[in-house]
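**Q** The following block contains a protein sequence and its predicted model.
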Amino acid sequence: MDYFNYRGSDLYAEDVAVSEIAKAMGTPCYVYSKATLLRHFHAYADALTDIPHLVCFGMKANSNLAILEVLAEAGAGFDIVSVGELERVLAAGGDPAKVVFSGVGKQRHEMQRALEVGIHCFNVESLAELDQLNAVALDLGTVAPVSLRINPDVDPKTHPYISTGLNGSKFGIAHKDTLMAYRHAASLPGLNPIGIDCHIGSQLTDIAPLLEALDKLMELVASLKADGIALHHIDLGGGLGVPYQEETPPHPSEYMAAVKAKIADTGLTLVLEPGRSIAANAGIFVTEAILTKTNQDHHFVVVDGAMNDLIRPSLYGAWQNIIPVSTAPHDGQVEASFDVVGPVCESGDFLGKARTLRVGAGDLLAVRSAGAYGFVMASNYNTRPRAPEILVDGDQMHVIRERETLESLWALEHRVNR
Ligand SMILES: *Cc1c(COP(=O)(O)O)cnc(C)c1O
């Protein structure tokens, strides 16, 4: 459930008309709902109040400072994948002690900074990284808390680009190497193994693979204990899907109930890294129709938003719902099955294909489920300034990122002849 609903013929974000936001901020723009964001975070956190837990927002999904601030105030930790994301957490007032650091290629300076500020845990993905982290920790005269990311080799049955837990993926440590890797970690004086983690993929619409991964991690925790290595937490990663179209992913509370039933008696802390399931449906991308055109029976609506703003349709063939900001009919509209395309010079530049819409030049359209992997993946391709981001809270709208200026796009460039 979210807070983007029609009142009469007009689409609202909470208590603000989306058309008013577009009028004030121009298009294209991203619009987020604070209440939706919090609702999705609490769907996890409130289901876990009776067991030790830490919900770390997978912030690569949406890393705007205001979004992080809202979640930090609600008690969230953060799953980061770079020192840049760590600095964002700090800039947003987040607690470094609630940060877990994921990623296959952490650099020395990133490890250093994370140790300095005292993060909760490094999610280590290889033996080589164990050695590098050990060396950095010893140089700083400290001990790094570590978890090993294990590839449980379960098939998440999602898009290959976002399947990450299979043997042969670049991520994690092979399941069969777990004991050896923990023994190695335990032997290094700069490391303290405290947890075990996995992240098997994204946009999962069935919890069975997640529960299978949990079973495998719990078995490993037991055999490590028998081997004298006692862990304190299991981190199941992120990955729960959202309804973009006809998908019916389980609600986070349903997922949590199943996880709790398995883990409650162990005393282990449960760590989670949900990104998409918290942010995706807390945002929309608003764009204006420039014109409609028909090429040999094929109808196009050319809008002012494009693949540089929202790349998921082009990159993954992702389907996101596209709805009118006003359903009131007016002259000059055409009703047809449209490809909704942007102005970028690529045939792959589309936001949606074969969408039945009634639309005319100047009409506003909203692309749903744009709060995750939307703005964060935007680029300046075709010298297009990145769109502004607006956070709605009740009847208030806050500009949480301004539209980029053209000059800023070449501010770091240097001509040779001047
Ligand atoms: C991307 C990612 C997440 C978040 O995934 P979602 O599918 O957005 O929930 C969590 N953990 C790791 C390690 C990731 O790479």
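**A** Here it is on my side, so go on.
**Q** Report the contact partners of T142.
**A** 115, 190 (C-beta atoms under 8 Å, 6 or more residues apart in numbering). Where C-beta positions appear, they are placed from N, C-alpha and C, glycine not excepted.
**Q** Oops, could you answer that again for R108 instead?
**A** Contacts of R108 by C-beta under 8 Å, 6+ apart are 132, 136.
**Q** Near the ligand, which residues of this protein? Just list them.
**A** Residues of the chain lying near the ligand by C-beta under 6 Å from any ligand atom: 58, 60-61, 79, 102, 199, 202, 237-239, 273-277.
**Q** I figured F285 hits G374, correct?
**A** Yes: under the criterion of C-beta atoms under 8 Å, F285 makes contact with G374 at 6.0 Å.
**Q** any shared contact partners between these two?
**A** Contacts common to F285 and G374, judged by C-beta under 8 Å, 6+ apart, are 30, 309-310.
**Q** Now flag whichever of the residues you listed is closest to the ligand.
**A** Taking C-beta to the nearest ligand atom as the measure, the ligand lies nearest L310 of the shared contacts of F285 and G374, at 15.9 Å.
**Q** ok, how many other residues are close to the closest one?
**A** Counted with other C-beta atoms under 10 Å, the neighbours of L310 add up to 26.
**Q** which residues sit in contact with it?
**A** Counted by C-beta under 8 Å, 6+ apart, L310 has contacts 285, 320, 351, 367, 370, 374, 377-378.
**Q** For those residues, give me a markdown table that also has secondary structure and pLDDT.
**A** Formatted as a markdown table, those follow (DSSP: H, G, I helix; E, B strand; the rest coil; pLDDT from 0 to 100):
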| residue | secondary structure | pLDDT |
| --- | --- | --- |
| F285 | strand | 98 |
| Q320 | coil | 97 |
| L351 | strand | 98 |
| V367 | strand | 98 |
| A370 | coil | 98 |
| G374 | coil | 98 |
| M377 | helix | 98 |
| A378 | coil | 98 |
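**Q** mind checking how far the closest residue in space to E73 that isn't next to it in sequence is from H53?
**A** Nearest residue to E73, sequence neighbours excluded (C-beta to C-beta, 6 or more residues apart in numbering): G93, at 7.9 Å. Distance, G93 to H53, by C-beta to C-beta, to the nearest Å: 21 Å.
**Q** model confidence over the top helix by length along the chain, on average?
**A** In the chain, taking DSSP state H as the definition, the longest helix is helix 208-226. Per-residue pLDDT over helix 208-226 has a mean of 96.
**Q** Can you show me the CA trace of that helix as PDB?
**A** The C-alpha trace of helix 208-226 is given here as PDB (Å, rounded to 0.1, in the frame of the first residue of the first chain):
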ATOM      1  CA  ALA A 208      11.000 -20.000  -0.600                       C
ATOM      2  CA  PRO A 209      14.500 -19.300  -1.900                       C
ATOM      3  CA  LEU A 210      15.100 -16.800   0.900                       C
ATOM      4  CA  LEU A 211      14.000 -19.300   3.500                       C
ATOM      5  CA  GLU A 212      16.200 -22.000   1.800                       C
ATOM      6  CA  ALA A 213      19.200 -19.600   2.100                       C
ATOM      7  CA  LEU A 214      18.400 -19.100   5.700                       C
ATOM      8  CA  ASP A 215      18.300 -22.800   6.400                       C
ATOM      9  CA  LYS A 216      21.700 -23.200   4.800                       C
ATOM     10  CA  LEU A 217      23.200 -20.300   6.800                       C
ATOM     11  CA  MET A 218      21.800 -21.700  10.000                       C
ATOM     12  CA  GLU A 219      23.400 -25.100   9.300                       C
ATOM     13  CA  LEU A 220      26.700 -23.300   8.700                       C
ATOM     14  CA  VAL A 221      26.400 -21.400  12.000                       C
ATOM     15  CA  ALA A 222      25.900 -24.700  13.800                       C
ATOM     16  CA  SER A 223      28.900 -26.400  12.200                       C
ATOM     17  CA  LEU A 224      31.000 -23.300  12.800                       C
ATOM     18  CA  LYS A 225      30.000 -23.400  16.500                       C
ATOM     19  CA  ALA A 226      31.100 -27.000  16.700                       C
END
